[in-house]
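> structure, please.
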Amino acid sequence: MSKKTFDYIIVGAGSAGCAIASRLSENSNISVLLLEAGGKDNSLKITMPAMITELIKPGPMNWNYWTEPQKALNDRKLFWPRGKVLGGSSSINAMLYVRGHMRDYDEWAQLGCKGWSFDDVLPYFKKSEGSNRPADKYHSTDGPLLVEQHTSDQSLNHGFLKAVSEMGLPYTDDFNGANQEGAGWYDQSIKRGRRQSTARTYLKAAKGRKNLTILTDAQASRVILEGKRATGVELVRGGKTEIWSAGREVILCGGAINSPQLLQLSGIGDPADIQAVGLPVLAELMGVGKNMQDHLDMLVSAHLKDPISMMQYQAPLKGMTELAKWFLKRPGVMSDCVTPVGAFLKTDKALERPDIQLHIIQAMADEPHAFADPHEHGMGIHICQLRPHSRGTISLASSDPSVHARIDPNYLDQEEDLRVLREGTKLVRRLYQQAGLADFISHEKAPWDKIDIDDDAATDAVIRDNAETIYHPVATCSMGPVDNKNSVVDPSLKVIGIEGLRVADASIMPRLIGGNTNAPTIMIAEKCADMIKSAQ
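Purely as a prediction, here's the structure:
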């Protein structure tokens, strides 16, 4: 069944898709169709920041992805939560507003992505940001994405910052300012205790526009091609197949898994990947689904002497008190993200940029994916390796669009990735020995309490048994020069060799940035929308 024609069809109403739909529909003379495979974002779990622990578990607002067995992680499969709901992963993430290091973007430009240096992208970060910081060189107060500095009176947060100082490591008052390196408080996409997803910021501002149509529970199955031009999208909604036409462009915003999968389902990509499931090849583009990068993470936990972890709020009286604070829009644990403090540090002082990121959590995680609630008081510090050398792939498992793609991040394929996690783990264990944290801790959680800090072999073994993703996959539709065989999109985000088709989401990053990926993805959307508008 063929439907009416829109000027632009955007596939995926996530961090990027909502932003682009909002910006393009500012022009009342164009029509925009926004497609989302998931449903509406009306759950209280999305609204309340502390409910992040429920959102990242398997559930209906989640794509519930699992990787292929990872040979360097003892053949374990890792769970990859991605948002399947209006707002996408911005509706289920930890709400940290982190841009990455300035040099990350200068490196993109050096790789041939003209127009993507830090000086080029900073205006788009500022355009998107509505911060409660004073407006200055790095920050804006009037953007759609509301961002606040949060400070928590929880003693463990202050203990962490004190321990970092006791080790002689720096402090920074702004991870997104002049100097990323150091420990400090994270900016958060939260306003008065409510999550600020792109659905609840960008899309909310645009919903009343007559030129914007939003379809939920509509999963795209392929991009329609006429020769080498994208002319529409085939989708499945309510069990029926529909075709919607695009007069100007189709813009893929499905993220690092769904965007390359949709290209491959449409016959665009490495011929071997497409033909393996019996589909015809319509456009050879070798980089589709390649170059995948993700942040691997190690959690080191410790037992607390006193009952001061988040588990204390499982007690009915304390829990109801905090819930009342949240409903009254008063500061409390339900209004804050679960990792309000952290650090960007170097495992080697000679490095140009920090190579690890730390997040402190005030709870004891008993399972790798933290699917179970804690049953004893503890804390943990996540160590994220920021710039992985290992590269993975996304490939089709079936010609059926409803079947998840094969996800193979190829974690720890490169020895340097293991070295960084090892050194980061040692650094965190030494942090636990500083007075700022040692005053709270009785002992490290097993098996660390039996392993010497300098026992590299034992440390590596624990990492292989326990390391997990921290949910930042990118680069599977990498941006780069047209003459680079690994490039999927050019610096204007147009799919190489195909007219009327762009990709604008985290998949276009040529290199993974040193930080959380939501803010950079929104920046990409802002820049994409601006490039489209300038060409109209």
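
> quick one: the helices in the stretch 51-200 of the chain?
Using DSSP state H, counting those that start in this stretch, the helices of the stretch 51-200 of the chain run over 52-55, 102-110, 118-128, 155-166.

> quick check: buried residues in the longest strand seen in the chain?
Determined from DSSP state E, the single longest strand within the chain is strand 240-252. Residues of strand 240-252 classed as buried under the neighbour-count rule (16 or more other C-beta atoms under 10 Å) are Glu242, Trp244, Ser245, Ala246, Arg248, Glu249, Val250, Ile251, Leu252. To be clear about C-beta, it is placed using only N, CA and C from the backbone, and glycine gets the same treatment.

> what separates the third one from Ile224, distance-wise?
Spatial separation of Ser245 from Ile224 under the definition C-beta to C-beta, to the nearest Å is 8 Å.

> just the fourth one next, same as before
Taking C-beta to C-beta as the measure, Ala246 and Ile224 are separated by 8 Å.

> overlap in contacts, the two.
By C-beta atoms under 8 Å, 6 or more residues apart in numbering, Ala246 and Ile224 have these common neighbours: Ala230, Thr231, Gly232, Val233.

> out of these, which are inside strands?
Of the positions in these, Ala230, Thr231, Gly232, Val233 sit in strands, assigned by DSSP E.

> helices or strands up against the longest strand of the chain?
Helices and strands touching strand 240-252, by 3 or more C-beta pairs under 8 Å, 6 or more residues apart in numbering; DSSP states H and E, are strand 2-11, strand 32-35, strand 218-226, strand 229-237, helix 255-265, strand 501-503.

> kindly recompute the last result at 7 Å.
Secondary structure elements in contact with strand 240-252, counted by 3 or more C-beta pairs under 7 Å, 6 or more residues apart in numbering; DSSP states H and E, are strand 2-11, strand 229-237, strand 501-503.

> what touches both of Ser245 and Ile224?
Taking C-beta atoms under 7 Å, 6 or more residues apart in numbering as the contact definition, Ser245 and Ile224 share the neighbouring residues Thr231, Gly232.

> please name the nearest non-neighbouring residue to Gly378.
The shortest distance from Gly378 to any residue other than its chain neighbours is 2.9 Å, reached at Met364 (C-beta to C-beta, 6 or more residues apart in numbering).

> scratch that, Trp116 is what I was asking about
In space, and not counting its chain neighbours, Trp116 is closest to Trp108: 4.4 Å by C-beta to C-beta, 6+ apart.

> the one you found: what's it in contact with?
Taking C-beta under 7 Å, 6+ apart as the contact definition, Trp108 lies against Trp116, Pro510, Arg511.

> the helix or strand in which Ala16 is found vs strand 240-252, what angle?
Mapping Ala16 onto the secondary structure by DSSP states H and E places it in helix 15-24. Going by axes from the mean of the first three to the mean of the last three C-alpha atoms, to 10 degrees, helix 15-24 is angled at 80 degrees with respect to strand 240-252.

> pLDDT weak spots in this structure?
Along the chain, the model assigns pLDDT under 70 to residues 1-2, 366-373.

> quick one: buried residues of stretch 425-438?
Thr425, Lys426, Leu427, Val428, Arg429, Leu431, Tyr432, Gln434, Gly436, Leu437, Ala438.

> Thr47 versus Asn64, what's the distance?
Distance, Asn64 to Thr47, by C-beta to C-beta: 21 Å.

> same question but for Ser221, I mixed them up
31 Å.

> Ala37: how many residues sit nearby?
25 (other C-beta atoms under 10 Å).

> report the contact partners of it.
With C-beta under 7 Å, 6+ apart as the criterion, the residues that contact Ala37 are Lys84, Ala218, Gln219.

> residue contacts, the second one?
Spelled out, that is Ala218. Residues Leu35, Glu36, Ala37, Leu235, Arg237 are the ones in contact with Ala218 under the rule C-beta under 7 Å, 6+ apart.

> switch to 8 Å and redo it
Leu35, Glu36, Ala37, Leu235, Val236, Arg237, Glu242.

> wait, which of those residues is closest to Val333?
Each of those was checked against Val333 using C-beta to C-beta; the closest is Glu36, at 31.0 Å.

> how much space is there between the closest one and Trp185?
For Glu36 relative to Trp185 (C-beta to C-beta), the value is 33 Å.

> higher neighbour count, the two?
Ranked by neighbour count (other C-beta under 10 Å), Glu36 and Trp185 place Glu36 first, with 31 against 18.

> the more buried one contacts Ala21, correct?
No: using C-beta atoms under 8 Å, Glu36 is not in contact with Ala21; the gap is 10.1 Å.

> find the residues that touch each one of those two.
Shared between the contact lists of Glu36 and Ala21 (criterion: C-beta under 8 Å, 6+ apart) are residues Ala13, Ile214.

> returning to that earlier point: and the helices and strands packed on strand 240-252, which is most packed in?
The densest packing among these, expressed as mean neighbour count by mean count of other C-beta atoms under 10 Å, is seen in strand 501-503 with a mean of 27.

> and the helix or strand that comes right after it, how far out from the chain middle?
Beyond strand 501-503 on the C-terminal side, the first helix or strand identified by DSSP H and E is helix 518-535. For helix 518-535, the separation from the chain centroid amounts to 17 Å (computed by C-alpha atoms, centre = their mean, to the nearest Å).

> ok, which pair from the contacts of Ala218 is furthest apart?
Glu36 and Glu242 (14.3 Å).

> next, the buried residues of stretch 302-311.
Ala302, His303, Leu304, Ser309, Met310, Met311.

> which of those residues lies closest to Lys191?
The shortest approach to Lys191 among the buried residues of stretch 302-311 belongs to Met310, at 22.1 Å (C-beta to C-beta).

> gap between the residue nearest to Gly17 when sequence neighbours are not counted and Ser390?
By the measure of C-beta to C-beta, 6+ apart, the closest residue to Gly17 outside its immediate chain neighbours is Cys253, 3.5 Å from it. Separation of Cys253 from Ser390 (C-beta to C-beta): 26 Å.

> between those two, who's got more neighbours?
Summary of the neighbour comparison: Cys253 and Ser390, criterion other C-beta under 10 Å, with Cys253 having more neighbours (32 against 20).

> ok, that one - contacts?
When contacts are counted by C-beta under 8 Å, 6+ apart, Cys253 is found next to 10-14, 16-17, 20, 259, 503-505, 525.

> check Tyr105 too.
Counting by C-beta under 8 Å, 6+ apart, Tyr105 has contacts Trp116, Ser117, Phe118, Asp120, Val121, Ile513.

> next: Glu129.
Glu129 touches Tyr97, His139, Ser140, Gly143, Leu145, Val147, Ala519, counting by C-beta under 8 Å, 6+ apart.

> burial measure for the last one, as a count.
The burial metric for Ala519, expressed as a neighbour count using other C-beta under 10 Å, is 25.

> now do it against Cys384, distance only.
Applying C-beta to C-beta, one obtains 16 Å for the distance of Ala519 from Cys384.

> can you give me the helices in the stretch 301-450 of the chain?
316-327, 415-433, 435-438.

> so can I have TSV of those showing distance to Pro60?
Written out in TSV, the entries for those read as follows (distance: least, C-beta to C-beta, whole Å):
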stretch	distance to Pro60
helix 316-327	23
helix 415-433	33
helix 435-438	38
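
> what number of residues lie near the closest residue to Tyr124 other than its chain neighbours?
Setting aside the residues directly before and after it, Tyr124 is nearest to Glu526 in space (C-beta to C-beta, 6+ apart), at 4.1 Å. Taking other C-beta under 10 Å as the criterion, the count of residues near Glu526 is 27.

> pretty sure Glu526 is touching Leu24, no?
No: using C-beta under 8 Å, Glu526 and Leu24 do not qualify as a contacting pair, with a distance of 11.3 Å.
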